[in-house]
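Participant: Structure for the following, please:
(chains A, B and C)
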Amino acid sequence: MSDSIIALDGERANMAGLRALATGAAANVVVIAALVLLPLFVTGSWSYALGLCFANSIGVLSVSALVRYGGEVSIGHSFFAAIGAYSVAIIEARLGLPLLVSLPVAVIAGVLFGILFAWPSRRISGIYLAVSTMALALALPEIIISGDRWTGGFEGLYVSKPVIPGIAIELQRYYVPLAALAAVVYVLSRLRQSRQGRALLLARSHPAAADAFGTRRSWARVSIMGISGGIAAVSGAMLAFASSAVSPTGYTFWSSVFLLVGSVVSFYGLSLTRALIGGAFLTLAPQLLSGSGAWIPVFYGLALIAVVLSGHFAPKLAAMATQRRGKR
Amino acid sequence: MDQRTRALRGENIALSFGGIKVLRGLSVEFCAGEVTGLIGPNGAGKTSLFNCLTGAYQPQGGSITFDGRPLDGLSPASRASRGVVRSFQTVALCPDLTVVENVMMGLARNYHAGWLDALLPLSRGRRETGEMQNAAVEALASLGLADARDLFPQQLPPGMQRLVEIARAIVGKPSVLLLDEPAAGLNNAETRDLTQTLRRIASPDLVMVIVEHDMDLVMSLCDRIYVINFGEVVTCGPPEAVRRNENVVSIYLGSDDD
Amino acid sequence: MNSVPDLLLDLFPLIWSGVVTGCLYALGALGLVMIFKSSRVVNFSHGNVAGLAAFLIYGFSSGVLLSLSWGVAVLLAVVAVVAVAFLSYAIIAPIMAESDLTATITTLGIGLIAQGVTLLVFGADIVPLDLPLPRFSATTLGLRITGYDLTVLTVAVVTIVGLFLIIDYSKLGVAFRAISANPVAAEICGLNLRSVHLFAWIVSAVLGVVGALLIVPTTFLSATTVATFMLQAFAAAVLGGFASLPGALVGGILIGILMNLFTFYVSPEFTNTFLLIVILTALNIFPNGIFAKAGGNRV
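Facilitator: Sure, this is the predicted structure:
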């Protein structure tokens, strides 16, 4: 499989190295501090939108993590997000338990479904895997709708229980997704520093070498799909909580494609700011284009193509520019 | 041959792709404490033999044993856990990992901290990473690469990338070290340094096998040399004997251009 | 005693109509395979562009945009789709050389735009699109064969035979085969990769229009109909190994029959889930398609 999907040399040099980590951590602290204070200054509708934005950022991270650590592209991640969202909604509807209880269940379910999907397809990769994730996303709505006794069918379910009773629910719909986003970014930074994370990266770039040093390809595939599925489930759980409802229209094939678009426009980045860029793209573009929903796919399509083309041509243009400077 | 010596043995290994016979019932024995060279023209089957030994290919016939225990049917990963380690013809370092992190991969098979240790700030994971890092730095230092530890592989010249690969291979204290053309792409000075390094790595407990086109390196480093052509062993012996062998001379005169 | 003829009475019509729709899936699958074979890119925009074409025919012939005769509308739609194919290839060509996976992602962008344009121009409503078909219906052996069935079969057979003849005998077709077998060698031999890629994209687009036109009478035309139909085409292509034109044809017919049997005997609500299972099974058990010879598979 071709590796150049992640040919971002500049960022590679940034990714590790203690100094880069330290500045990255400092930047994260600043961004999080700003986001923590933000609700004091913006209106309720904005803090609502930002809550969704954080949830979408987590979804974007789940796709980016798969690209970075697995070298694979998914256009079916709304499936795993739906697993998380419906876990939360069903646990609240059936058992009356809040997010605090249902979130761990959602994560475990997401990981399990990620593994369940990855295990039979552990030998297929690249576009073949992309096609099967597409089928996954397309099969999802009919599964949700036909399970209407549990899922509420077309209508969906409401999610209204607060995490901490007594605090305004509007604030919780902002801060809980923010905390989840921070946690996911942290976990991903831990992954980069772990033996498993290194093994995944080696398995992506040189599967035979990873094999020769004790990392099985099937282990790598199943692991990263489990992680990615778990993160997607967190994103779904947060979407359900922040928007106070789940319904099948939120988890279609196109929402999966949008997650990939978010991941591409954030250059598959796993940092907090990158994730926020991707999430904002998915959340705020529909807000701004709310006058005409049909412009959204056009806008996303153009953005996707623009980013891919600029990723392709920017290094060449930069090389040309330096060459010209050299001549002078 | 003394049966008590630890050795990697392949007997009657047969491998074919489609109808093409790559290895035709070839038998080899690589002993601990020796450096064995594997030479022959391009396409003779040297790398295929390596791939059979490490488990990347499953040969159709024959058996492979290490220290008397069969390796047949084991995956590359489980052979690695028994100490059979290799380097690759083309540099196979991960561009996303720093040099020291790449070398740490050579230890991965010895560590077993779980996913929770990986993803949460638990002491076991941190201790493990620390241990691996120390060992990797030590291995790098022994090859004179201590300064490169935090660079990325693509920032190093090809010769040093090779050395990083060798550091990754030796850091886990392997019992069998298979080197596939370690001098490919290196200049003369780099090759000389590599020869020195490999001589230092050789130890009484280590089975070391080298596939190489650079005859000076092979002749000066190896205790024993196998000559392979058309998937069969042409001859085997100490460097001087091989150098004088008429068959070998004709093989190499016939394909002098590589 | 009675159950056997009953079963056959159900089975025959199911298989017959499965073959008919299967031919359409095959047309879609052939388009996907053409592009994949020549350039290793999976064209996810295939369904959306074909859907847009169906809407254009409706728009040109119904008075929404223009009131032209049906034939002229089809011609115009084909021209539009060929232009889209040109444009798509122009966008993707530079990326393709770098990474086929990135190029595949880019086709999603094109699909998004096609989908958005369809929604912008024609809205999200369902519209009727009829074919000028011979009104005909006959019953033989318990089978009801309609003019639609025969039209589909005729058009599909003519298109597919035509395509295979072009690939077997025309200069471009020979180049196409050479490039799909070994792109590097073919390019060294002086074959023009670009013209072959363009050939594949354009043929694929036209096949998509034909498939979309013929599938619409069985359902209605909405912004999602044709895109959904393309899942079947994907399943057909996967079943045939994704890189084999005859495979795509047989895969399409097989999917048509299997879908009919599944909807009738098991459940009409889980068709996509069924296709998901078919795709996963096919990819894992027959990674090179159900007709590939068993043997050396070095992935």
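Participant: Spell out which residues make up each domain of chain B.
Facilitator: Under automatic domain parsing, the residue ranges defining each domain of chain B are B:1-83+B:174-191+B:202-258, B:90-172.
Participant: Out of those domains, flag the one nearest residue C:273.
Facilitator: Closest approach to residue C:273 among those (C-beta to C-beta): domain B:90-172, 30.3 Å. All C-beta spots, glycine's among them, are computed from the backbone N, C-alpha and C.
Participant: I'd like the average pLDDT over the closest one.
Facilitator: For domain B:90-172, mean pLDDT is 90.
Participant: quick one: residue C:93 from residue C:204, how far?
Facilitator: 15 Å (C-beta to C-beta, to the nearest Å).
Participant: Neighbour count: the two, which is higher?
Facilitator: residue C:204 (25 against 17; other C-beta atoms under 10 Å in any protein chain shown).
Participant: The more buried one reaches residue C:46, doesn't it?
Facilitator: Yes. Look at residue C:204 against residue C:46 with C-beta atoms under 8 Å: they come within range, at 6.9 Å.
Participant: related to what we said a few turns ago, tell me which of the domains of chain B lies nearest to residue A:283.
Facilitator: Between the domains of chain B, domain B:90-172 lies closest to residue A:283; by C-beta to C-beta that is 26.5 Å.
Participant: Can you give me the end-to-end span of the closest one?
Facilitator: 21 Å (C-alpha to C-alpha, to the nearest Å).
Participant: for it, the distance to its chain's centre please.
Facilitator: Put simply, domain B:90-172 sits 17 Å off its chain's centre (C-alpha atoms, centre = their mean, to the nearest Å).
Participant: now swap in stretch C:147-155 and tell me
Facilitator: 16 Å.
Participant: likewise stretch A:280-293?
Facilitator: The answer for stretch A:280-293 is 18 Å, by C-alpha atoms, centre = their mean.
Participant: hmm, it in reach of chain C?
Facilitator: Yes. Using C-beta under 8 Å from any C-beta of the partner chain, we find that stretch A:280-293 touches chain C at A:292-293.
Participant: what does that stretch contact?
Facilitator: Outside of stretch A:280-293, the residues within contact range by C-beta atoms under 8 Å, 6 or more residues apart in numbering or on different chains are A:49-50, A:52-53, A:56-57, A:59-60, A:258-259, A:261-262, A:265-266, A:295-296, A:299-300, A:303, C:119-120.
Participant: Near chain B, list only the ones from these.
Facilitator: Of those, not one also sits near chain B (C-beta under 8 Å from any C-beta).
Participant: In helices, which of the residues you listed fall?
Facilitator: The members of the contacts of stretch A:280-293 that map onto helices under DSSP state H are A:49-50, A:52-53, A:56-57, A:59-60, A:258-259, A:261-262, A:265, A:295-296, A:299-300, A:303, C:119-120.
Participant: now these: which count as buried?
Facilitator: A:49-50, A:52-53, A:56-57, A:59-60, A:258-259, A:261-262, A:265, A:295-296, A:299-300, A:303, C:119 (16 or more other C-beta atoms under 10 Å in any protein chain shown).
Participant: What parts of chain B come near chain C?
Facilitator: B:17-18.
Participant: Find the centremost residue of chain B, please.
Facilitator: Nearest residue to the geometric centre of chain B (C-alpha atoms, centre = their mean): residue B:178, 1.9 Å.
Participant: same question for the host helix or strand of it, mean pLDDT?
Facilitator: Using DSSP states H and E, residue B:178 sits in strand B:176-180. For strand B:176-180, mean pLDDT rounds to 92.
Participant: Can I get it in CSV, CA atoms only?
Facilitator: C-alpha atoms of strand B:176-180 as CSV (Å, rounded to 0.1, in the frame of the first residue of the first chain):
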residue,chain,number,x,y,z
VAL,B,176,20.5,-15.8,15.3
LEU,B,177,21.3,-12.7,13.4
LEU,B,178,20.5,-12.8,9.7
LEU,B,179,21.9,-9.8,7.8
ASP,B,180,20.6,-9.3,4.2
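Participant: All the helices of the chain, residue numbers only.
Facilitator: Reading this off chain A. A:9-15, A:18-37, A:44-65, A:78-95, A:99-118, A:127-146, A:148-151, A:169-192, A:195-205, A:207-212, A:217-243, A:253-265, A:272-288, A:295-327.
Participant: let's do chain C instead
Facilitator: Along chain C, the stretches classed as helices by DSSP H are C:3-39, C:46-62, C:70-96, C:100-122, C:147-169, C:171-181, C:183-188, C:193-215, C:225-239, C:245-265, C:271-285.
Participant: is it possible to export those to a markdown table including mean pLDDT?
Facilitator: As requested, those are exported to a markdown table (pLDDT from 0 to 100):
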| stretch | mean pLDDT |
| --- | --- |
| helix C:3-39 | 86 |
| helix C:46-62 | 90 |
| helix C:70-96 | 93 |
| helix C:100-122 | 92 |
| helix C:147-169 | 90 |
| helix C:171-181 | 84 |
| helix C:183-188 | 74 |
| helix C:193-215 | 90 |
| helix C:225-239 | 84 |
| helix C:245-265 | 92 |
| helix C:271-285 | 88 |
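Participant: Quick one: those as a markdown table, columns for distance to chain A too.
Facilitator: As requested, the helices of chain C are exported to a markdown table (distance: least, C-beta to the nearest C-beta, whole Å):
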| stretch | distance to chain A |
| --- | --- |
| helix C:3-39 | 8 |
| helix C:46-62 | 9 |
| helix C:70-96 | 5 |
| helix C:100-122 | 3 |
| helix C:147-169 | 22 |
| helix C:171-181 | 15 |
| helix C:183-188 | 14 |
| helix C:193-215 | 16 |
| helix C:225-239 | 5 |
| helix C:245-265 | 12 |
| helix C:271-285 | 4 |
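Participant: Run through the residues of the stretch 101-250 of chain A sitting next to chain B.
Facilitator: Applying C-beta under 8 Å from any C-beta, one finds that the stretch 101-250 of chain A approaches chain B through A:187, A:190-191, A:193-199, A:201-202, A:204-206, A:208-216, A:223.
Participant: same thing but at 6 Å, please
Facilitator: Neighbours of chain B within the stretch 101-250 of chain A, by C-beta under 6 Å from any C-beta of the partner chain: A:187, A:190, A:194-196, A:198-199, A:201-202, A:205-206, A:209, A:211-214, A:216.
Participant: So among those residues, which ones count as buried?
Facilitator: Buried by 16+ other C-beta under 10 Å: A:187, A:190, A:194-196, A:198-199, A:201-202, A:205-206, A:209, A:211-214, A:216, out of these.
Participant: which of those are close to chain C?
Facilitator: Okay, of these, nothing touches chain C (C-beta under 6 Å from any C-beta).
Participant: in chain B, which spans are helices?
Facilitator: Going by DSSP H, chain B shows helices at B:46-54, B:76-81, B:99-104, B:115-119, B:123-142, B:158-170, B:188-201, B:215-221, B:239-244, B:246-254.
Participant: hang on, the earlier thing: in a markdown table, list the helices of chain A along with mean pLDDT.
Facilitator: Below are those laid out as a markdown table (pLDDT from 0 to 100):
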| stretch | mean pLDDT |
| --- | --- |
| helix A:9-15 | 42 |
| helix A:18-37 | 80 |
| helix A:44-65 | 95 |
| helix A:78-95 | 96 |
| helix A:99-118 | 96 |
| helix A:127-146 | 91 |
| helix A:148-151 | 90 |
| helix A:169-192 | 94 |
| helix A:195-205 | 94 |
| helix A:207-212 | 90 |
| helix A:217-243 | 96 |
| helix A:253-265 | 93 |
| helix A:272-288 | 90 |
| helix A:295-327 | 86 |
